[in-house]
Each structure stands twice: as C-alpha cells, then as structure tokens.
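Asks: have a look at this fold, sequence not included:
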C-alpha cells in the first residue's frame, strides 16, 4: 500500500542521489581550453607588465643621460665664457721674426691668451691660458693648460698643473674670431686670428659630441678696445 508517508520517504531517499550527481558535476574542474586560456591571459599580462617596466627604466636612463649632458654643456660653457671673457691685453711672448708683441693667438682648434687664474685652480694672478684639442677624430678632448706670465714672458713652472680635459668624447671643436666693428659694418667670423698684438672683440666656440651639436657659445672680450687694439692700424 502506497501512502503519502511512503511517497515522502521515497522522495527523501532520492534527493541525496540527485544532489550528489549535481555536486559531482560542479567539482569536475575546468576544461583544458579554460586552463589554456587562463594561462595565456596570465602570460600576456606578465609580458605587458615587464614591457612597461623596461620602457619606464629606459625612459629614466634617457632622462638621466640628457640631464648629465646638459649639465656638462653648462659647466664647460660657463668656464669658457669666464676665461675667454676675462682675456687681458698682457703680452705673453714676442714674435722673434717680426718683434710683434703677442697678446692673443688663435686658430680653428687652439687659443692662447692671458687671464687671471682663479684661486681654486692655482696661485692666482695672470696666467697664459692654452686651449687645444687632443686625441683622434671622433674621440677628441678639449684641454686647458696654464702657465705663469711675468714681464711679457711665459714662465716655465715645474710645479705647474698638467693639461686638464674640459670635455671628452667630442666629434669636433671649432673656434672663430671677430674683430671690433668698423662703423656700421660687422666683420665676418674668421677661423684664424691674424692680429696677435690685438684682442678679438668676440670669440665663437662650436662643439659637436656623439649626441649632436652644442649651442653655439659667443663670448665678448670687454678689453678688446684697449691697448690700441685695432686691426686697421695694426697697433
């Protein structure tokens, strides 16, 4: 005899089997395609993260290199501006052939003139400044050397500072010179200063390194109008 109680008992006994069957379907895990897809997404995320980190590191390194180069340009330019701009009309030698007093010598790759030496570079006072290039093409260095000047002569000092590099790894350095204006006419830039007894009115320095050209440095020489300095009359 089948009554309501028996039906309820039969339903209660059948329920766990159905529940176990459904539970078995839920814990059966991911399919192989799902695992592969998740792995591919994880790998793509990691690759993107590493690429972002590398790009950020490269950007930081480039920024540091640019900042370092700019600081180098600023320091060298400031040194040259102060040294060249402080050139004095002091004789440092005599041309033995012509008897002309030498106050300034310059060509495309070297310069010689007298200026006060800062105390932090030595004993101070008037010193001959020699700027010149050294090294092979593409890896040149701009060097400076100092010698004491006394009574129109350059004094050989055994304790003098050796030549020091202002900048290294240069592709090229070019000096140019311009005389004082005559009337309204501005003289052109010349690769060689032809009047050693005179001071040029302006000196231009052009530098190129592995990263490109530096900004042109044009330095005025305030004492160019002194000592009867005039290329026209040769004083």
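Replies: It's in. Here the structure is a predicted model, which is why all the values come from computation and not from measurement.
Asks: against residue 65, how distant is the nearest residue to residue 166 once chain neighbours are set aside?
Replies: In space, and not counting its chain neighbours, residue 166 is closest to residue 142: 4.7 Å by C-beta to C-beta, 6 or more residues apart in numbering. C-beta here means a position set from N, CA and C on the backbone, and glycine is covered the same way. Look at residue 142 and residue 65: by C-beta to C-beta, to the nearest Å, they are 20 Å apart.
Asks: residue 69: what's it in contact with?
Replies: Contacts for residue 69 (C-beta atoms under 8 Å, 6 or more residues apart in numbering) come out as 209, 211.
Asks: so residue 108 sits right up against residue 190, yeah?
Replies: No - taking C-beta atoms under 8 Å as the definition, residue 108 is not a contact partner of residue 190, at 9.6 Å.
Asks: who touches both of the two?
Replies: In terms of C-beta under 8 Å, 6+ apart, residue 108 and residue 190 are both contacted by the residues residue 176.
Asks: which residues touch the helix or strand where the residue nearest to residue 166 lies?
Replies: Using DSSP states H and E, residue 142 sits in strand 140-150. For strand 140-150, contacts defined as C-beta under 8 Å, 6+ apart pick out 76, 83, 90, 92, 114, 117, 121-123, 125-135, 154-157, 160-173, 207.
Asks: restricted to strands, list those residues.
Replies: Using DSSP state E, the subset of these located in strands is 114, 126-134, 154-155, 164-173, 207.
Asks: which of the residues you listed count as buried?
Replies: Applying 16 or more other C-beta atoms under 10 Å to the ones in strands among the contacts of strand 140-150, the neighbour count classes 114, 127-133, 154, 166-167, 170, 173, 207 as buried.
Asks: how about those residues in a markdown table, adding distance to residue 213 and pLDDT?
Replies: Output for these, formatted as a markdown table (distance: C-beta to C-beta, whole Å; pLDDT from 0 to 100):
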| residue | distance to residue 213 | pLDDT |
| --- | --- | --- |
| 114 | 30 | 95 |
| 127 | 30 | 91 |
| 128 | 29 | 93 |
| 129 | 24 | 94 |
| 130 | 24 | 95 |
| 131 | 19 | 96 |
| 132 | 20 | 95 |
| 133 | 16 | 91 |
| 154 | 34 | 82 |
| 166 | 17 | 91 |
| 167 | 13 | 92 |
| 170 | 11 | 93 |
| 173 | 11 | 94 |
| 207 | 7 | 96 |
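Asks: can you tell me the helix or strand for the most centrally placed residue in the chain?
Replies: Centroid-nearest residue in the chain: residue 69, 1.9 Å away (criterion: C-alpha atoms, centre = their mean). Here residue 69 sits within helix 32-85, counting by DSSP H and E.
Asks: which other helices and strands contact the very next helix or strand once past that helix?
Replies: Toward the C-terminal end, the helix or strand that comes next after helix 32-85 (DSSP H and E) is strand 93-94. When contacts are defined as 3 or more C-beta pairs under 8 Å, 6 or more residues apart in numbering; DSSP states H and E, strand 93-94 packs onto strand 101-102.
Asks: direction included, what does the strand it packs on pair against?
Replies: Note on strand 101-102: by DSSP bridges, its sheet partners are strand 93-94 (antiparallel).
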